[in-house]
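Chemist: sequence first, then the predicted structure:
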Amino acid sequence: MDIVLSGIRSTGNLHLGNYYGALQNFIKMQEENKCFFFIADLHSLTTHPDPAMLHENVKNVLVNYLAAGIDPEKSVIYVQSDVPEISELYLYLNMHVYMGELAKTVSFKEKARKQPENVNAGLLTYPTLMAADIMIHNADKVPVGKDQEQHLEMTRRFARRFNNFYNVEYFKEPVAYNFGQELIKIPGLDGSGKMGKSEGNCIYLADSPKEIEKKVKRALTDSGPTEPNSVKPDYIENLFTIMRVVSTDEVIAHYEEKWNACEMRYGDMKKQLATDIIAVTSPIRERIIVLENDTEYLRKVAREGAEQARESASKTIRDVREIMGFKGF
Ligand code: ATP
Ligand code: MN
């Protein structure tokens, strides 16, 4: 039985990228494995959230998780800041993580470019915190999207380095996981690379059918190909990429044919795409609306999740302290 861990930053509602990159894989794994899913509120601090909004966002993400099918009877669901052992491990790991390797992380360079007024040390050490998230439960598999590949590589390196330095075989080297297939990246509908909370180009699981139709309709297109079998520009390929996760094989083949024959009618394709997205999100949205008002249940889930997560985390911290040489008097 593998230990599986995944998490999502509480910086907004969940979108199709989170769903197909992380959540859906995770949900499929919860029957057979020991699964941990957490709400990354400490990670959200890098962008200085308004204290009045912090809890609201954590609640939203919890509601989204449960509505999407994470089952607290099978998996451990918890809020990152409820487990202080993670912060402790982050501190220890940081002593074996180097400025140079952090500074050249792709995500750090991107964020530093986007928020030049706030290039804080938390942003720099984000990969250490992510490694602590994973290593605190000694996870084997981490369902994530393609954007997290480099961070997982760093986690493996930190785990190996710890083991080598202290001459132990303690931490496992976790792998980014998507059922043996390639990691996926869901693009935005604005012609940009990635759908992301901080990109403002998301289709949210909580969006109404009307909103989804509107967003899909606005997606960037052109007047269609003029040469048979031509290569698709990125913004068109993006529509097909989303179609590949939400639509049936027949539908996808149909539009591939239309493209190749230069008979593309984007209006039809968008209508179909919106319908297929709505079929995925609607049942989730309905559950979100119910769960949102069930404070009692949410409290119970968060409390029990924190207890179980801390049980696993405190064991790791005890071991790590011993390995590092901490001793009581
Ligand atoms: P933020 O902009 O706050 O970083 P995000 O939209 O990138 O938010 P995260 O919370 O960083 O979302 O990521 C949570 C999980 O969702 C990760 O496993 C990540 O790989 C996955 N994920 C996020 N965006 C995508 C995407 N566009 N395609 C596939 N997976 C994604
Ligand atoms: Mn992200």
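Modeler: Arrived safely. Ligands and ions are numbered 1, 2, ... in the order given.

Chemist: list the buried residues for the longest helix along the chain?
Modeler: Using DSSP state H to define each element, the chain has its longest helix at helix 295-324. Neighbour counts over helix 295-324 (16 or more other Cβ atoms under 10 Å) mark 298, 301-302, 305-306, 308-310, 312-313, 316-317, 320, 323 as buried. Every C-beta, even on glycine, is put in place using the N, C-alpha and C of the backbone.

Chemist: list of residues touching stretch 115-126?
Modeler: If you take Cβ atoms under 8 Å, 6 or more residues apart in numbering as the criterion, stretch 115-126 is touched by 43, 45-48, 90, 94, 97, 99, 102-103, 105, 107-108, 111-112, 129, 151.

Chemist: let's go with 6 Å and repeat that
Modeler: 46, 102, 108, 111-112 (Cβ atoms under 6 Å, 6 or more residues apart in numbering).

Chemist: then stretch 209-226?
Modeler: Defining contact as Cβ under 6 Å, 6+ apart, one finds that stretch 209-226 is touched by 189, 191, 203, 235, 262, 264, 266, 270, 273-274, 277-278.

Chemist: repeat that for 7 Å
Modeler: Here stretch 209-226 makes contact (Cβ atoms under 7 Å, 6 or more residues apart in numbering) with 189-191, 203, 235-236, 239, 259, 262, 264, 266, 270, 273-274, 277-278, 281-282.

Chemist: please apply the same query to stretch 6-15.
Modeler: Contacts for stretch 6-15 (Cβ under 7 Å, 6+ apart): 18, 22, 26, 37-41, 43-44, 47, 57-58, 60-61, 64, 133, 142-144, 195, 197-198, 202-206.

Chemist: let's see which of these end up in helices.
Modeler: Of those, the ones assigned to helices by DSSP H are 18, 26, 41, 43-44, 57-58, 60-61, 64, 133.

Chemist: so what's whatever residue of the stretch 201-329 of the chain ends up closest to ligand 1 closest to, chain neighbours aside?
Modeler: For the stretch 201-329 of the chain, the residue closest to ligand 1 is Cys202, as judged by Cβ to the nearest ligand atom, at 7.1 Å. Once flanking residues are discounted, Cys202 sits nearest to His15: 3.7 Å by Cβ to Cβ, 6 or more residues apart in numbering.

Chemist: next one: phi and psi at the one you found?
Modeler: phi -120, psi 180 (degrees, to the nearest 10).

Chemist: list the contacts for Thr155?
Modeler: 130-131, 134-135, 174.

Chemist: so it, which of the three states?
Modeler: Here Thr155 is helix, with the state taken from DSSP: H, G, I helix; E, B strand; the rest coil.

Chemist: pLDDT score assigned to it?
Modeler: With respect to pLDDT, Thr155 scores 98.

Chemist: same check, this time on Val175
Modeler: According to the prediction, Val175 has pLDDT 96.

Chemist: isn't Ile77 up against Glu307?
Modeler: No. Between Ile77 and Glu307 there is no contact under Cβ atoms under 7 Å: 11.5 Å.

Chemist: for those two, list the residues in contact with both.
Modeler: Shared contacts of Ile77 and Glu307, defined by Cβ under 7 Å, 6+ apart, are absent.

Chemist: how about low-confidence regions in this protein?
Modeler: Filtered on pLDDT under 70, the chain yields the residue ranges 180.

Chemist: if you set the cut-off to 80 instead, what comes out?
Modeler: Across the chain, the ranges flagged by pLDDT under 80 are 180, 192.

Chemist: residues from it in reach of ligand 1?
Modeler: Contact residues, the chain versus ligand 1 (Cβ under 6 Å from any ligand atom): 8-9, 11, 17-18, 20-22, 144-145, 147-148, 184-186, 194-198.

Chemist: could you pull out the strands for this structure?
Modeler: For the chain, applying DSSP state E gives strands covering 3-9, 34-40, 75-79, 141-143, 175-177.

Chemist: dump these into a markdown table; add mean neighbour count as well.
Modeler: Converted to a markdown table, those look like this (neighbours: other Cβ atoms under 10 Å):
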| stretch | mean neighbour count |
| --- | --- |
| strand 3-9 | 24 |
| strand 34-40 | 24 |
| strand 75-79 | 24 |
| strand 141-143 | 24 |
| strand 175-177 | 19 |
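
Chemist: quick check: Lys172 touching Met135?
Modeler: No. Contact between Lys172 and Met135 fails when scored by Cβ under 7 Å: they sit 8.3 Å apart.

Chemist: which neighbours do these two have in common?
Modeler: Contact criterion Cβ under 7 Å, 6+ apart; residues bridging Lys172 and Met135 by contacting each: Ala159.

Chemist: skipping its backbone neighbours, what lies nearest Leu102 in space?
Modeler: Using Cβ to Cβ, 6+ apart and skipping residues adjacent in sequence, the residue nearest Leu102 is Leu124, 5.0 Å away.

Chemist: scratch that, Arg287
Modeler: Leaving aside its sequence neighbours, Arg287 sits nearest to Ala67 (Cβ to Cβ, 6+ apart; 3.8 Å).

Chemist: same check on Asn13?
Modeler: Leaving out its chain neighbours, the residue that sits closest to Asn13 by Cβ to Cβ, 6+ apart is Tyr204, at 4.5 Å.

Chemist: do the same with Val97
Modeler: Among residues not flanking Val97 along the chain, Thr128 sits closest, at 5.1 Å (Cβ to Cβ, 6+ apart).
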